[in-house]
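S.K.: next come a sequence and a model predicted from it.
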There are 2 protein chains.
Amino acid sequence: MQRATIADVAATAGVSRAAVSKVLRNAHGVSPDMRTRVEHAVEQLGYRPRIAARAMRGSTNTIGIVVNHLANHFFAEVLEGVIEENSAEPYQLIVAPTAPSRSDGHEAIESLYDREVDGIIAVAPLVDLEWLERMSSRVPIVVIGRHDEAGGYDTVVGDDAAGTEAAVHHLIDTGRTSIAHVTHADSHARSDAGTPHAIRRDTYARVMRESGLAAHTRLIWARFEEQPAYEATLRDIAENGVPDAVFAGNDDAALGVLRALHDIGATARDVALVGYDNTRIAANPAVSLTSVDQQGHAMGRTAFGLLRERIGGRREPARVTLPTALIIRRSSASSSQINQESQR
Amino acid sequence: MQRATIADVAATAGVSRAAVSKVLRNAHGVSPDMRTRVEHAVEQLGYRPRIAARAMRGSTNTIGIVVNHLANHFFAEVLEGVIEENSAEPYQLIVAPTAPSRSDGHEAIESLYDREVDGIIAVAPLVDLEWLERMSSRVPIVVIGRHDEAGGYDTVVGDDAAGTEAAVHHLIDTGRTSIAHVTHADSHARSDAGTPHAIRRDTYARVMRESGLAAHTRLIWARFEEQPAYEATLRDIAENGVPDAVFAGNDDAALGVLRALHDIGATARDVALVGYDNTRIAANPAVSLTSVDQQGHAMGRTAFGLLRERIGGRREPARVTLPTALIIRRSSASSSQINQESQR
DNA sequence: AACGTCGTGTAGATTGATCTACGTCGGGTA
DNA sequence: TACCCGACGTAGATCAATCTACACGACGTT
């Protein structure tokens, strides 16, 4: 069965194509009689306008979202924020997924550009700056999770430095000294300066240095997923021994670390663990993972707001930094706290 | 800066638009000389063809995916399967997200249809059958997780009956009798017959009956997310007392149950817990949740393969049922097993 | 030399919705 | 009666790529 076109509707309703178009777009110059006739015909034929034909002239009324790893709960939270904020003035949303192993943000962003979306929200895209800058001169872009001082696009970030400081200081304050950090191993060769995990890595190193623990600085490189982090942690422990704390760059990685620690029989008393993102699973009592909250939901809402402004014509770049909060749970509690917890 | 069109490229290269189009599509009748000239011009102008203009004639080379809750790890797994299978013969993939609270699959599927995707993979869509049937006469659709005997689309399902039987029998075999089941509360009024959660619910009731436990049949209704399941479980326990086992309709819900059980101070010894989907988090030793594996990854791969056949012209509906496997972990281990585990 | 053929390239129609520019009709006013 | 104005409706151009039908040489064959 062939798809009905606006001409079919026009013929059925006995009016011109332009008249149908007017009705569909709620333009004025439409008599009530014509409106009902057209609506009838639309209903009868099951007509739906094609987005492609609309896109040939003017805007698509669509916003594209790029994430580099859909399974990450943090992204899901960001997306919820976007959806929520969007519900008032509905753009259509489409998500361009990337292969989790390759994380090629280029392809995904270009594919959205080819679809002529009105704007793009990119969550922690692993692309180089000049490219992103060039892209942003063609389509409005809001980037979540890049600290770069580039001009063409807006950015929404968490306060990664403050969040990391809180996390590492917390570990030091509770008596830990040999603190390892799981950081993101980007399979691409390009520099990752300005990404959240780079900031976290640098801040971690700085705090260790400032606290006289420079000698204990220890990096574990892994993709931010459970399995790679698990493997990398086991390898690192085999090589360098058991640390007394691990600060993981995100919660998914922290879960991998947790599994590794379990494998070697270490408890939270032996090795404290802190994650990042404060995803839902961290709060579950079975896991009870200390984590840095960076308000993914608010990030999504903010990014959507900025993008709407951009689409509306704003040219000056906007930068928003959201505060973080360290949520302390059992995975990093001191021995006395653990005892309290288990007595209740 | 205006976007370059095929006419710009043609002018720069000194050839006709049609010639450029040929080069782009790798059509024949192109001399090597012309090819290099055109490729040069494309490079120089940063030209990219617009999908909308292409869509006006012929196909978009795009496959759309609909999920009703992106945060669900099971969906992420399905998606990974699709992406993997697609990497050989690349269609573009786009995901149409729905608001997690509203779960309106209609809108998402229609929006993909309006974009003229070549085919749609819908994961557990909450839409009525006649509508889906009608839709599938317009665009090839493969549905994951519907057992309905409808004709227009293909289906890929897990063996929900077998999976549920294994789960419930396992609980009974380990000495549990008061077994509650967390099932999906669909906020929509329409019937949910044929959905996986309905099959699981019915099978649960049947096994209980056949095992002489009909009196203990007990349903907890909740959306399949951590928070709603948590709340519903607490409410149910307040009303009906503590069961000695819970079979949750999926892992996300199981995590909510787990939190509720923790709140009331119940351990795995007191209340056994079984989930569904065997998501990564279930395998984590901190959670160690017994769960039914239904091979989300394979479902994604299979669905993609079927869709490609459909797009290729197959008319007869295909139905694929993938086997399930019960993965037993600590959350449902008998007391002796728990002791073994903690001694190691 | 005339004719056919093959390889290469082009003109122009086509796709569906939008939008401008214009036409028509009815009613009010000079 | 002539004129104008506003409300309603239409014809036709437009958007960017694709694709068919055809043109134009160059070359080989009879």
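M.R.: That came in fine, so what should we check first?
S.K.: SS state for A:Gln227?
M.R.: helix (DSSP: H, G, I helix; E, B strand; the rest coil).
S.K.: just give me the neighbour total for it.
M.R.: If you count neighbours by other Cβ atoms under 10 Å in any protein chain shown, A:Gln227 ends up with 15. In short, each C-beta sits where N, CA and C put it, glycine included.
S.K.: how about it, nearest residue that isn't a chain neighbour?
M.R.: Nearest in space to A:Gln227, with sequence neighbours left out and distances taken as Cβ to Cβ, 6 or more residues apart in numbering or on different chains, is A:Gly256 at 6.4 Å.
S.K.: likewise for A:Gly152?
M.R.: Closest to A:Gly152 by Cβ to Cβ, 6+ apart is A:Ser136, at 3.4 Å.
S.K.: okay, strands next: where are they in the stretch 151-300 of chain A?
M.R.: A:154-158, A:179-184, A:218-222, A:245-248, A:272-276, A:290-293 (DSSP state E, counting those that start in this stretch).
S.K.: the longest one pairs with which strands, and in what direction?
M.R.: Each strand that pairs with strand A:179-184, with its direction, by DSSP bridges: strand A:218-222 (parallel), strand A:245-248 (parallel).
S.K.: pull the distance from that strand to the chain's centre.
M.R.: 20 Å (Cα atoms, centre = their mean, to the nearest Å).
S.K.: what comes into contact with that strand?
M.R.: A:168, A:171-172, A:192, A:195, A:197, A:200-201, A:204-205, A:208, A:213, A:216-224, A:229, A:232-233, A:236, A:243-249, A:253-254, A:257 (Cβ atoms under 8 Å, 6 or more residues apart in numbering or on different chains).
S.K.: quick check: A:Ala4 touching A:Pro49?
M.R.: No. Counting by Cβ atoms under 8 Å, A:Ala4 sits too far from A:Pro49 to count as a contact (9.9 Å).
S.K.: tally of neighbours for A:Asn68?
M.R.: For A:Asn68, using other Cβ under 10 Å, the count is 22.
S.K.: ditto for A:Ser59
M.R.: Neighbours of A:Ser59 (other Cβ under 10 Å): 13.
S.K.: kindly report the same for the one 5 residues further on.
M.R.: Other residues within reach of A:Gly64, judged by other Cβ under 10 Å, total 27.
S.K.: is it in contact with A:Glu116, as I believe?
M.R.: No. Between A:Gly64 and A:Glu116 there is no contact under Cβ under 8 Å: 9.7 Å.
S.K.: make a markdown table out of the strands of the stretch 151-300 of chain A and add mean neighbour count and distance to B:Ile121.
M.R.: Converted to a markdown table, these look like this (neighbours: other Cβ atoms under 10 Å in any protein chain shown; distance: least, Cβ to Cβ, whole Å):
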| stretch | mean neighbour count | distance to B:Ile121 |
| --- | --- | --- |
| strand A:154-158 | 25 | 31 |
| strand A:179-184 | 26 | 30 |
| strand A:218-222 | 19 | 31 |
| strand A:245-248 | 30 | 33 |
| strand A:272-276 | 28 | 32 |
| strand A:290-293 | 26 | 33 |
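S.K.: columns mean pLDDT on top of the ones you listed, output as CSV?
M.R.: Supplementary listing: these in CSV, determined by pLDDT from 0 to 100:
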stretch, mean pLDDT
strand A:154-158, 95
strand A:179-184, 96
strand A:218-222, 96
strand A:245-248, 98
strand A:272-276, 97
strand A:290-293, 98
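S.K.: near chain B, which residues of the stretch 101-250 of chain A? Just list them.
M.R.: A:Glu110, A:Ser111, A:Tyr113, A:Asp114, A:Arg115, A:Glu116, A:Arg134, A:Ser137, A:Arg138, A:Glu226, A:Gln227 (Cβ under 8 Å from any Cβ of the partner chain).
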